[in-house]
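S.K.: Please work out how this folds:
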Amino acid sequence: MSKQILFVINTLGLAGAETAMLELLEAMPEDCEIDLYVLMGQGELVGRLPERVHLLNRKFSSCSVLSAKGRLRMGGTVCRSLLARGTVVRLFPYLVKNLAGMVKNHRIQPDKLLWRVLSDGGMRIDREYDLAVAFLEGGAAYYVADHVKAKKKAAFIHIDYGKAGYTRALDRDCYPGYDALFPVSEETKESFLRVYPECREKTHTFHNMINREKIRKRSAEEGGFSDDYSGKRILTVGRLTKQKAYPVAIQAMRLLRDSGVEARWYVLGEGSERRALEHLIAECGLEKDFVLVGAVDNPFPYYRQTDLYVHATGYEGKSIAIQEAQVLGCAIIASDCSGNREQITDGVDGELCELSAEDICRRVSGLLADDERRAGLGKAAEQRKVMFEEDIQMLAALL
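M.R.: Numbers count the residues shown, from 1 in each chain. Modelled structure (predicted):
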């Protein structure tokens with residue numbers, strides 16, 4: 001008899017965790033029947049779902065949650081969730097208490113509050129599963145913990161839990177009720193266990209799944225840089241959010257230009273910080289030097305064509321973008337932070353830097369001037385293990 005599995009995720013936007021989930025769905029045993037519920041009911045990756053996956057959402061939009069149309073639709077979804085089953089009344093004490101805590105800590109994050117709204121106001125599924133998987137923290141974790149019937153439950157953790165702003169009060173202590181917890185890196189695991197130390201015995205690292213052959217094949221397709229720039233190219237892939245620390249990269253690009261380095265920096269990704277970043281780029285006079293390309297369907301030709309990949313972020317769980325760059329043999333510079341330092345051996349298959357404009361500038365200019373060293377780092381990166389096929393057995397064991 002086939003096993004019934006439910007996956008729950010917050011959105012199906014073009015981002016690392018969502019991409020990793022698609023690869024995991026592809027790799028699931030053939031004798032499993034898989035349902036998927038997307039809390040926000042939207043995302044451009046819906047067209048990439050494996051045919052065997054049954055999408056439970058009655059209505060689904062393929063528009064990005066980062067587009068103007070997508071944000072408008074997202075607002076409507078939140079409003080409907082607030083009104084569903086009296087959610088706004090039941091959650092009022094929770095919302096007030098946690099908002100007060102955010103104000104006290106000088107870190108207001110309305111999205112963290114809204115995940116609880118979307119969870120409690122979401123659809124109800126009238127069946128019991130053999131396994132229910134919350135593939136993201138926040139809304140998906142709350143929904144599976146509180147509103148799904150399943151013999152076993154598992155949750156993935158994709159971020160540095162403490163630095164991302166989650167607390168036990170926000171979670172309502174949902175994680176101890178799970179049968180298995182899967183952080184995507186060792187540092188993500190330790191960060192999570194500092195908040196939930198009692199969960200250590202059932203917490204195991206489950207690395208992001210990627211398809212190396214698919215990445216290599218798609219990198220050979222048409223696309224990539226379309227301008228006629230002849231100098232060195234720097235690439236970064238990631239959403240335009242505060243976590244990604246793009247202001248530091250912009251300041252580093254200004255230092256590179258002022259020191260006479262011939263280079264242009266490209267960013268693939270979209271997000272809420274676009275306007276602020278465009279303003280800073282203009283303020284620094286870097287309109288031609290630091291280019292916000294936007295989200296692209298196939299980023300892999302850009303990796304193949306770039307001279308240097310830079311991933312200077314504030315924190316990570318485990319970066320899918322770094323894994324993709326490694327598969328395609330890029331020389332990589334990444335900030336020395338949680339997640340990143342686990343993926344790169346400094347000086348062997350990449351370089352780790354301080355999250356400062358000065359250190360990024362120094363390392364970028366040094367590597368761009370040394371073709372032999374860049375080639376060596378890229379070759380070592382390509383040989384690094386980035387796929388952990390054995391991890392899926394941890395899910396199979398729950399069945």
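
S.K.: show me what contacts residue 164?
M.R.: 137, 243, 315 (Cβ atoms under 8 Å, 6 or more residues apart in numbering). For glycine as for every other residue, the C-beta is placed from the backbone atoms N, C-alpha and C.

S.K.: Filter those residues down to the buried ones.
M.R.: Among the contacts of residue 164, those classed as buried by 16 or more other Cβ atoms under 10 Å are 137, 243, 315.

S.K.: what secondary structure does the first one sit in?
M.R.: Right, residue 137. coil (DSSP: H, G, I helix; E, B strand; the rest coil).

S.K.: Around residue 128, how many other residues sit close by?
M.R.: Neighbourhood size, residue 128 [other Cβ atoms under 10 Å]: 12.

S.K.: tell me the phi and psi of it?
M.R.: phi -110, psi 130 (degrees, to the nearest 10).

S.K.: nearest residue to it other than its sequence neighbours?
M.R.: Excluding its sequence neighbours, the residue lying closest to residue 128 (Cβ to Cβ, 6 or more residues apart in numbering) is residue 149, at 4.1 Å.

S.K.: quick one, phi/psi of that neighbour?
M.R.: Dihedral angles for residue 149 - degrees, to the nearest 10 - are phi -90, psi 120.

S.K.: ok so, going back, lowest pLDDT pick from the buried ones among the contacts of residue 164?
M.R.: Lowest pLDDT within those is found at residue 315 (77).

S.K.: Can you name the residues that contact that residue?
M.R.: Counted by Cβ under 8 Å, 6+ apart, residue 315 has contacts 159-160, 163-164, 243, 337-339.

S.K.: Among those, name the buried ones.
M.R.: 159-160, 164, 243, 337-339.

S.K.: ok, the residues you listed vs residue 398, which is closest?
M.R.: Using Cβ to Cβ, the shortest approach to residue 398 within those belongs to residue 159, at 22.6 Å.

S.K.: Double-check that closest one against residue 317; I have them as touching.
M.R.: Yes: under the criterion of Cβ atoms under 8 Å, residue 159 makes contact with residue 317 at 4.6 Å.

S.K.: picking up where we left off before, restricted to helices, list the contacts of residue 315.
M.R.: Mapping the contacts of residue 315 onto helices (DSSP state H) picks out 163-164.

S.K.: Can you tell me which of the contacts of residue 315 is nearest residue 208?
M.R.: For the contacts of residue 315, the nearest to residue 208 is residue 339 (10.6 Å; Cβ to Cβ).

S.K.: The closest one reaches residue 323, doesn't it?
M.R.: No: the criterion here is Cβ under 8 Å, and residue 339 misses it with residue 323 at 11.1 Å.

S.K.: so what's the nearest residue to residue 22 once chain neighbours are set aside scoring on pLDDT?
M.R.: Of all residues not flanking residue 22 in the chain, residue 48 sits nearest, at 5.7 Å (Cβ to Cβ, 6+ apart). Turning to residue 48, the model gives it a pLDDT of 91.

S.K.: Count the neighbours of residue 48 for me.
M.R.: Counted with other Cβ under 10 Å, residue 48 comes out at 15.

S.K.: go on, residue 86?
M.R.: Number of residues near residue 86 (other Cβ under 10 Å) recorded here: 11.

S.K.: before we move on, back to that, now tabulate the buried ones among the contacts of residue 315 in JSON lines and tack on distance to residue 39.
M.R.: Output for the buried ones among the contacts of residue 315, formatted as JSON lines (distance: Cβ to Cβ, whole Å):
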{"residue": "159", "distance to residue 39": "17"}
{"residue": "160", "distance to residue 39": "22"}
{"residue": "164", "distance to residue 39": "17"}
{"residue": "243", "distance to residue 39": "20"}
{"residue": "337", "distance to residue 39": "28"}
{"residue": "338", "distance to residue 39": "26"}
{"residue": "339", "distance to residue 39": "24"}
